[in-house]
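Participant: sequence and predicted structure, then a few things I'm wondering about:
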Amino acid sequence: MIQELTERILLHVEKSGNVDTLDLVQIFNEDHQKIVGALKSIQAHDENILKADTNSVKTLQLTEEGSFMLENGSHEAVVYNSIPESGIPQAELMKTSANAKVGFSKAMSQGWIFVDKTANPPLVKKKVAEIVDTVRDNLVKINSGELKINDLPGNILTEYKKRKLLLEIVTKSFQLSKGSEFSTKLTKLETDLTVDMLASGLWKDLKFKAYNFDALGAPPARGHLHPLLKVRSEFRQIFLEMGFSEMPTNNYVESSFWNFDALYQPQQHPARDAHDTFFINYPAKSTKFPMDYLEKVKTAHSVGAYGSKGYGYDWKIEEAQKNLLRTHTTAVSARMLYKLANQPGGFKPAKYFSIDKVFRNETLDATHLAEFHQVEGVVAAVGLTLGDLIGTIYEFFKKLGITQLEFKPAYNPYTEPSMEIFCFHPGLDKWIEVGNSGLFRPEMLLPMGLPSNVNVIAWGLSLERPTMIKYGFNNIRDLVGPKVDFKMVEEAPICRLDR
Ligand SMILES: N[C@@H](Cc1ccccc1)C(=O)O
């Protein structure tokens, strides 16, 4: 079809010498888009076949309301026509059509109708015996093309546009005339240069299609980052900007000692039950611990130390030896703080973060999986306070674009005070819980050997939750697991947490 149209255009230019593509719309009864498409394909053959100068033409188009008047008359004419000879109460008249109010005031200002106040109730009556509906007449002529934009007096054009009866449309078109290589026949363009063409010398006479440097090309096959990884790198960036260094989290299997005992979590704590924690059978136990430290932990739990009464129970090494899949990355933080306290040269202030997997024996539902990621920040320095914790959390969340925070007292065995972090989500229009935080207890820090004037503030959140919010997932199974749509992974945009 395009082929045919290209030839028709060329033949027309040969005959008339000069034509605008918009005029061709009527002549060929074809869509302007199609005519321009055919022109482009002529130019792709050889840009010197036709000369095409751009034109931009303003035309008028009726709006839905304008088209309505074509059929029914202007609102004022409709009102005029619905008034009986004897008149009609205004309230009644208003019920006769949807646009009666506008029609009434226009008809009044035209002097077509008046309100007879001598009657009770006052009646709207015709003032003239007949009317000429100029608005409708003009719209008919505009619609048929008889009245062009330049034929309409400016004030009328403005009025109709104000009444939203007309739209001004700018159409770009091309003024066509013969080019230096004009021809009514298009030779087929070659797309490939073959060995035969070279050998026979045929290539000299052939016309080749111009190379399209704007063509997008086939997308190269490559790997794609999962949304969780994209969000992780945003979080990592924020921590790095704040001067935190990353903790080594490459041990999913941990001993109960580092996961619980080091964190002053008593051995009877319900979280240590197989209902909440995945214990490991092979190997079931860890045996290497820093024994001095382990003894201090035992004391802190069983009889208390450093002014604390402890929990007062019989602490057993067998319980601490049990291997498990770590239930939180705070186990890694505990290892790092122990290292920090015992490093050569002694304690130095430090800021650490981690983002990695943790495992919990949870009931699975739309927002919970048995494995997920935690984001954790830890700051250790002399004399840190709750104010430092709150300030640091504000700064951290500010970098995520979150400025409205609330803190709610909470309980963790290893922090005192502890606070849940809530933020206001303008998109969801509600407060949501985003994390947990606190100051690590002396019962946890002092056995490690940290100086007694050192305080450690820490907070943690999940990676999945902000990812689900940012990418608009309601079900975590759409994000993680066998039901994940790979197309989603391929097409998910880079995540900007500040938006
Ligand atoms: N470990 C806590 C998070 C947390 C980290 C650091 C301090 C306080 C709380 C959790 O699993 O929810």
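Facilitator: Arrived safely. Residues are numbered from 1 along each chain as shown.

Participant: domains in the chain, as residue ranges please.
Facilitator: The chain breaks down into these domains under automatic domain parsing: 75-132, 229-491.

Participant: pull the distance from the longest one to the chain's centre.
Facilitator: The offset between the C-alpha centroid of domain 229-491 and the centroid of the whole chain comes to 30 Å, using CA atoms, centre = their mean, to the nearest Å.

Participant: tell me if it is near the ligand.
Facilitator: Yes. Domain 229-491 lies within reach of the ligand by CB under 6 Å from any ligand atom, at 328, 330, 376, 412, 415, 436-438, 458-460. C-beta here means a position set from N, CA and C on the backbone, and glycine is covered the same way.

Participant: quote the end-to-end distance of that domain.
Facilitator: 14 Å (CA to CA, to the nearest Å).

Participant: also stretch 19-34?
Facilitator: Span of stretch 19-34 from end to end, CA to CA: 16 Å.

Participant: for it, buried residues please.
Facilitator: The neighbour-count check on stretch 19-34 (16 or more other CB atoms under 10 Å) flags 19, 21-25, 30 as buried.

Participant: let me have those in a markdown table, extended by pLDDT and secondary structure.
Facilitator: Converted to a markdown table, the buried residues of stretch 19-34 look like this (pLDDT from 0 to 100; DSSP: H, G, I helix; E, B strand; the rest coil):
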| residue | pLDDT | secondary structure |
| --- | --- | --- |
| Val19 | 93 | strand |
| Thr21 | 93 | helix |
| Leu22 | 89 | helix |
| Asp23 | 90 | helix |
| Leu24 | 92 | helix |
| Val25 | 91 | helix |
| Glu30 | 91 | coil |
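
Participant: could you export the domains of the chain as a markdown table, including mean pLDDT, mean neighbour count and distance to Lys164?
Facilitator: Shown next, in a markdown table, are the domains of the chain (pLDDT from 0 to 100; neighbours: other CB atoms under 10 Å; distance: least, CB to CB, whole Å):
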| stretch | mean pLDDT | mean neighbour count | distance to Lys164 |
| --- | --- | --- | --- |
| domain 75-132 | 93 | 16 | 11 |
| domain 229-491 | 95 | 17 | 34 |
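
Participant: reformat the ones you listed into a markdown table and put distance to Glu64 next to each item.
Facilitator: Formatted as a markdown table, those follow (distance: least, CB to CB, whole Å):
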| stretch | distance to Glu64 |
| --- | --- |
| domain 75-132 | 12 |
| domain 229-491 | 34 |
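
Participant: backbone phi and psi for whatever residue of the chain ends up closest to the ligand, please?
Facilitator: Using CB to the nearest ligand atom, Gly460 is the residue of the chain that sits closest to the ligand, at 3.0 Å. Main-chain torsions, Gly460, degrees, to the nearest 10: phi -150, psi 150.

Participant: residues in contact with it?
Facilitator: Gly460 is in contact with 328-330, 374-377, 435-437, counting by CB atoms under 8 Å, 6 or more residues apart in numbering.

Participant: filter those down to the ones in helices?
Facilitator: Counting by DSSP state H, the members of these that fall within helices are Thr330.
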